[in-house]
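In: Sequence and computational prediction follow.
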2 protein chains.
Amino acid sequence: MYRIGELAKLCEVKADTLRFYEKHGLLAPSSRSDSGYRLYSESDAERLRFILRAKAVGFTLAEITELLSIELDKSNWACADVKGLVDSKLAQVNEKISELNHFQVSLQRLSDACCGGPESAEHCSILEALESNTDNIKCENHAHHHDKSQYTKNCQNKG
Amino acid sequence: MYRIGELAKLCEVKADTLRFYEKHGLLAPSSRSDSGYRLYSESDAERLRFILRAKAVGFTLAEITELLSIELDKSNWACADVKGLVDSKLAQVNEKISELNHFQVSLQRLSDACCGGPESAEHCSILEALESNTDNIKCENHAHHHDKSQYTKNCQNKG
DNA sequence: CTTGACCTTGGATTTAACTCCAAGGTTTAT
DNA sequence: ATAAACCTTGGAGTTAAATCCAAGGTCAAG
């Protein structure tokens, strides 16, 4: 049997996290010592590892709660149910990735348009893009600068 | 001049959001009516659009606050400063994408290993993977099932 | 017998960006 | 003049997953 700090160290989480999981019904110690200390069995530890593996593939604690309830009553669930949870998570993840890819492309375009040099930001392409429109970015042309080529090598503009 | 509801509708945000932005120093109306109504100028509207564009490329409100302070004092900032913000955001976004790609791959592997059929989850590959280890997933072999091929077509296992 | 490490509980705080609410004042249209 | 639609303020609630705190009990070592 592990005390809370032992299990925490073993699984690289904080004791507070284990208490949090208990409060939220994910993992309760199977017993208590005479003085009230939580005592976790090896099977409690397995359950914790299940939780952590599910977290590691992106499930929220609410979703893990569902998975755990299936896990404890497997015979009354079908593969379709389990796969459904995974596929639904997969869809969420793909959607989030897609949003972030959108950000990524936009930010990269902004970054590429800016010389990133010591010039005043008065004509900064990034600020100008945010002032008017994120699409259709114009590259900088620091006319007062003596070495124009130095800081504009990233820009994809034509003309 | 726009009243709060007008500007909100114009920019497709809620009036509450505008009050929230004001409370957090992002956007204050340039005046008030005699009765205390907020009155936003065209330039306030432009500032709001700046905020919304920055949000659309992934910046947080805290980061947008920084961008706005640069925007209002451009000549005392360099392109390098602005590009620095963008590149730092880019790095964060890339990191998050990378984490989500990790989730994506793991979930896809789990999904592929599971037949997703009406069979009992007692031998579900997904649950088994979460019980032991996310890597090295074993596909299902529902020995009691009469049509083995029907639900195992997704599995990549060898042997 | 006391120090230090560990444990208990309940509850508060954190982060981000809103969103909602109540109680009341203003404007506009009929 | 009255109802509908709009506005004001201050403050509370939401979500997720912890994380931290205070006040106090327990246990092993020296």
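Out: All right, it came through fine.
In: what about A:E66, distance to chain B?
Out: According to CB to the nearest CB, to the nearest Å, A:E66 stands 12 Å off from chain B. All C-beta spots, glycine's among them, are computed from the backbone N, C-alpha and C.
In: Enumerate the residues of chain A near DNA strand D.
Out: Residues of chain A that fall close to DNA strand D, judged by CB under 7 Å from any atom of the strand: A:13-14, A:16-17, A:19-20, A:33-37, A:55, A:60-62.
In: Show me which pair in the residues you listed is furthest apart.
Out: Maximum pairwise distance among the residues of chain A next to DNA strand D (CB to CB): 36.4 Å, between A:D34 and A:T60.
In: Which of the two has more residues huddled nearby?
Out: Neighbours per residue (other CB atoms under 10 Å in any protein chain shown) separate A:D34 from A:T60, with A:T60 holding more: 12 against 5.
In: Now the more buried one, what are its backbone angles?
Out: Per-residue torsions, A:T60: phi -80, psi 170 (degrees, to the nearest 10).
In: what about the helices in chain A?
Out: Counting by DSSP state H, chain A has helices at residues A:4-11, A:15-23, A:42-56, A:61-71, A:79-113, A:125-132.
In: now the angle between helix A:42-56 and the longest one, please.
Out: What it means is helix A:79-113. 40 degrees (axes from the mean of the first three to the mean of the last three CA atoms, to 10 degrees).
In: and helix A:79-113, does that touch chain B?
Out: Yes - applying CB under 8 Å from any CB of the partner chain, one finds helix A:79-113 touching chain B at A:79-84, A:86-87, A:89-90, A:93-94, A:96-97, A:100-101, A:103-104, A:106-108, A:110-111.
In: PyMOL command to pick out the buried ones of those?
Out: The PyMOL selection below is limited to those of these classed as buried (16 or more other CB atoms under 10 Å in any protein chain shown):
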select buried, chain A and resi 79+80+82+83+86+87+89+90+93+96+97+100+103+104+106+107+108+110+111
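In: Look up phi and psi at the closest residue to A:R3 other than its chain neighbours.
Out: Ranked by CB to CB, 6 or more residues apart in numbering or on different chains and with sequence neighbours excluded, the top spatial neighbour of A:R3 is A:Y37, at 5.7 Å. In terms of degrees, to the nearest 10, the main-chain angles of A:Y37 are phi -70, psi 140.
In: Would you agree A:Y37 is in contact with A:E6?
Out: No - A:Y37 lies out of contact with A:E6 (CB atoms under 8 Å); the separation is 10.6 Å.
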